[in-house]
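> no sequence for this one, just the structure:
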């Protein structure tokens, strides 16, 4: 495991077993958890889509030639944001 400074809002990044995680203070974690717990299912889905798109864009910007991991959310970012919510089911 290694902790490295990052461009993730000033937080450190940990890489372990092919996974990458951002280290956040416990207060920030609890705040984010409370927000998720209070959000509607639709709001959580929208946030997950936004996060997946941001992750994909960062991956593309890094110029990675590696194949994307098979775990975690995989989406086709192009056009997904503009889909009608009724089409997402």
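In hand now; what should we look at? Values in this document were obtained by computation on a predicted structure and should not be read as measured data.
> quick check: which ranges of this structure have low pLDDT?
Along the chain, the model assigns pLDDT under 70 to residues 1-8, 64-89.
> 80 - rerun?
1-10, 64-89 (pLDDT under 80).
> just the strands in it please.
Shown for the chain, the strands assigned by DSSP state E span residues 2-8, 11-16, 19-22.
> what packs against the shortest one?
In other words, strand 19-22. Contacts defined by 3 or more Cβ pairs under 8 Å, 6 or more residues apart in numbering; DSSP states H and E place strand 19-22 against strand 11-16. Yep, even glycine has a C-beta here, placed from its N, CA and C like the rest.
> mind listing what's buried along the strand it packs on?
By 16 or more other Cβ atoms under 10 Å, the buried positions in strand 11-16 come out as residue 11.
> so what strands line up beside that strand?
strand 2-8 (antiparallel), strand 19-22 (antiparallel) (DSSP bridges).
> give me the longest helix you can find in the chain.
With secondary structure taken from DSSP state H, the chain has its longest helix at helix 41-61.
> so which bits of that one are buried?
Residues 49, 52, 55, 56 are the ones in helix 41-61 that count as buried (16+ other Cβ under 10 Å).
> what's the closest of these to residue 23?
Nearest to residue 23 among these: residue 55, at 17.0 Å, using Cβ to Cβ.
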